[in-house]
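[1] Any chance you could fold what I've pasted below:
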Amino acid sequence: MEGDTMSGFGGAPATNGVDTKVLHAFQSSFVQVQGLLDQNRVLINQINQNHESKVPGDLSRNVGLIRELNNNIRHVVDLYANLSSLFAASSGGGGGRAMSEGGSVGTVRQAGHKRIRSGMD
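    Just a heads-up that it's a prediction; the model follows:
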């Protein structure tokens, strides 16, 4: 329902009439990010063990593990980009409609295209 609020993050009450759909989107994205980061920790540990073993089969397995790690990192970046867009749209600074108003927040970068970074890198 429009205008419904729910508890905010960490059990604090939602303020300023934050829409429950927006809060659910934030929570869902953060859960996905945390899952990917946990998976990356496991992958990095396995990659390190394989590297230290210097067994040819283990070293060749690292190629696939590193690809999976890279894909996970790419997915985390996309999730954070979507969160940023969602936050901007929900706070009125994005120029677009928030998800609760029927708008959608898509991935900022297109597949196969690198992000354009500011001159601060």
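
[2] rest of the way, CA atoms for contacts and neighbours
    Will do.

[3] where does the protein have low pLDDT?
    Low-confidence segments of the chain, defined by pLDDT under 70: 1-18, 93-121.

[4] Just the helices from it, written as ranges.
    With DSSP state H as the criterion, the chain has helices at 20-53, 56-90.

[5] Now do the longest one against helix 20-53, angle only.
    Think helix 56-90. Angle between the axes of helix 56-90 and helix 20-53 is 160 degrees (criterion: axes from the mean of the first three to the mean of the last three CA atoms, to 10 degrees).

[6] if we can go back for a sec, okay, the helices of the chain in a markdown table with mean neighbour count next?
    Formatted as a markdown table, the helices of the chain follow (neighbours: other CA atoms under 10 Å):
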| stretch | mean neighbour count |
| --- | --- |
| helix 20-53 | 15 |
| helix 56-90 | 17 |
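
[7] how close does Gln32 sit to Ala88?
    Relative to Ala88, Gln32 is positioned 20 Å away (CA to CA, to the nearest Å).

[8] I misspoke; the intended subject was Val33.
    With the distance defined as CA to CA, Val33 ends up 19 Å from Ala88.

[9] and if you look at Ser60?
    43 Å.
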